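1. coords below, sequence missing:
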């Protein structure tokens, strides 16, 4: 604190020398205050946008709080810089007369600056109006684009649902056609198999029947030659029965004829 007080005491003569220049600068400062008030109005108009940016600012403040330890480490370097600035103060005091000479020219420029301020305010208002119009146009274009996208999405969804329905119907038809073809093929194969099996069984049956007939013929011939057989016929005439019999026993044969009267009631 003692070092700071010494530096302040050293700066007081220079500050006393600067007071006349400061008094001369007061009109310019008043004009600047007016400009600052106009800027404050513009800033008040911009406050909604600034409120939207507050979360980002809070994040930046957090980053700044994180950087404070590094800033505390840099304080010795800053004190060294302040010492260098105090060493430069004599040179600054030497430059003050030149600055006092420039002040009249600055005072002459102030009326022109004051004349330009209304035009600048009008320009700022026009800029705010154009920015608002641009924002409204952007919002309306965005809404139109979103509506067109929604309509396109709905149309695409309708087309997709219709196409899926048609595909399901086509697959169902193909499946039914395939099932019908499979049933027809299986029925045809079963019929062919049944016809072939029937033909084979009939052929075997015919063969067996021919074999049985041949066996029967041979057996009858054998039985006739070994045991014999009886053949005969009969005839009925009025009340008589005529019988003719032929009996063969091996190599021997015998014929019998007989007439039998029948008892018929009158």
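-> Looks like it came in fine. None of the values given here were measured: they were computed from a predicted structure.
2. any weak-confidence spans in the stretch 151-266 of the chain?
-> The stretch 151-266 of the chain contains residues with pLDDT under 70 at 224-230, 248-253, 262-266.
3. how about 80 then?
-> Within the stretch 151-266 of the chain, the stretches with pLDDT under 80 are 220-243, 245-266.
4. Next: the stretch 1-150 of the chain.
-> Applying pLDDT under 80 to the stretch 1-150 of the chain flags the ranges 1-127, 129.
5. the helices in this protein, which residues?
-> Using DSSP state H, the helices of the chain run over 2-24, 26-45, 47-226.
6. beta partners for residue 236?
-> Under DSSP bridges, the beta-bridge partners of residue 236 are residue 241.
7. all numbers from here: first residue = 54
-> Yep, numbering from 54; the last one is residue 289 now.
8. what's the spacing between it and residue 194?
-> With the distance defined as C-beta to C-beta, to the nearest Å, residue 289 ends up 128 Å from residue 194. Every C-beta, even on glycine, is put in place using the N, C-alpha and C of the backbone.
9. what do you get for residue 276?
-> Applying C-beta to C-beta, the value for residue 276 to residue 194 is 120 Å.
10. now swap in residue 174 and tell me
-> Separation of residue 174 from residue 194 (C-beta to C-beta) stands at 30 Å.
11. These two: which has the busier surroundings?
-> residue 174 (15 against 10; other C-beta atoms under 10 Å).
12. My read is that the more buried one contacts residue 91, right?
-> Yes: Residue 174 is within contact range of residue 91, at 5.7 Å (criterion: C-beta atoms under 8 Å).
13. any shared contact partners between the two?
-> Common contacts of residue 174 and residue 91 (C-beta atoms under 8 Å, 6 or more residues apart in numbering): none found.
14. what sits up against stretch 177-186?
-> Residues contacting stretch 177-186 (C-beta under 8 Å, 6+ apart): 91, 95, 98.
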